[in-house]
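[1] Got a sequence here, can you model it:
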Amino acid sequence: MSFSANNLFGGLASQKRRFDPGAYLFHRGDPVQSLFRVAEGEVQLVRHQEAGGMIVLQRAKPGDVVAEASVFAAIYHCDAVTRLEAIVEIVPKDAFLTHFRQNPDFAETWAARLAREVQLIRLQNEILSLKTVRERLQAWLAWHGDLPPKGEWVQLARQIGVTPEALYREIGKQRARP
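    Numbering: from 1, shown residues only. Got it, this is the predicted structure:
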């Protein structure tokens, strides 16, 4: 059975809630009580580093489920914060798990969705394992095709684990190359 992004939680009791930019859906260490699907806007999963930096683990856009694997965890292992104003569909964890256990087609579709996420995370890990900003940017471009709009470059820097300044320098170098 196939579920589109818009009806993934069809048939489950849910509520929609609007979040302002910078609002948290949950914090690291909070108990997992709900599953979240972005209807509008963007939510990011972030992990703050001891040195003060921040790594973006997921950029959830409309149709994406935020921290989907957390439904099988007791607590969240990162923060979920809205980057843009967002409308988020919220499903209680218990209702989701009951539906998951009682509907094999849904469980298979969910497993396939998680498998795709694992593939994307492995690619992200490959990018983060590269040594230079140039290598990381080239790998990201090979995956995505082109740079995002200039206003999104800070987000790109976070995604590939470099400072915005280092990314800007590398973009400048690449544009200067014949």
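[2] alpha carbons only for contacts and neighbour counts from here, please
    Noted.
[3] Point to the residue nearest the middle of the chain.
    Centre of the chain computed as the mean C-alpha position; nearest residue by CA atoms, centre = their mean is residue 58, 2.1 Å away.
[4] Relative to residue 47, how far out is that residue?
    Distance, residue 58 to residue 47, by CA to CA, to the nearest Å: 10 Å.
[5] same thing with residue 102?
    With CA to CA as the criterion, residue 102 and residue 47 are 34 Å apart.
[6] The closest residue to residue 9 other than its chain neighbours: neighbouring residues, count only.
    In space, and not counting its chain neighbours, residue 9 is closest to residue 91: 7.7 Å by CA to CA, 6 or more residues apart in numbering. The local packing of residue 91 (other CA atoms under 10 Å) involves 19 other residues.
[7] what do you get for the one 10 residues further on?
    As a burial measure, the neighbour count of residue 101 was computed by other CA under 10 Å and equals 10.
[8] repeat for residue 43
    Residues near residue 43, counting by other CA under 10 Å: 33.
[9] can you start the count at 416 instead of 1 from here on
    Sure thing, new numbering starts at 416, so read that last one as residue 458.
[10] what residues are up against the residue nearest to it when sequence neighbours are not counted?
    Nearest residue to residue 458 in three dimensions, chain neighbours excluded: residue 497, at 4.2 Å (CA to CA, 6+ apart). With contact taken as CA atoms under 8 Å, 6 or more residues apart in numbering, residue 497 is in contact with 434-440, 456-459.
[11] rewinding a little: let's see the pLDDT reported for the residue nearest to residue 424.
    With respect to pLDDT, residue 506 scores 93.
[12] now swap in residue 574 and tell me
    Residue 574 is given a pLDDT of 85.
[13] Residue 422 now?
    Reported pLDDT for residue 422: 59.
[14] My guess is the residue nearest to residue 424 contacts residue 429. True?
    Yes: using CA atoms under 8 Å, residue 506 is in contact with residue 429, at 4.6 Å.
[15] Extract the C-alpha trace of the least confident helix or strand in the chain by mean pLDDT and format it as CSV.
    The helix or strand of the chain with the poorest confidence is strand 469-475; it has a mean of 85 (mean pLDDT, DSSP states H and E). Taking C-alpha atoms only, strand 469-475 is exported to CSV below (Å, rounded to 0.1, in the frame of the first residue of the first chain):
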residue,chain,number,x,y,z
MET,A,469,25.4,23.2,15.5
ILE,A,470,24.9,20.3,13.0
VAL,A,471,21.7,20.0,11.1
LEU,A,472,20.7,16.3,11.1
GLN,A,473,17.5,16.8,9.1
ARG,A,474,15.7,19.5,7.1
ALA,A,475,12.1,18.5,7.2
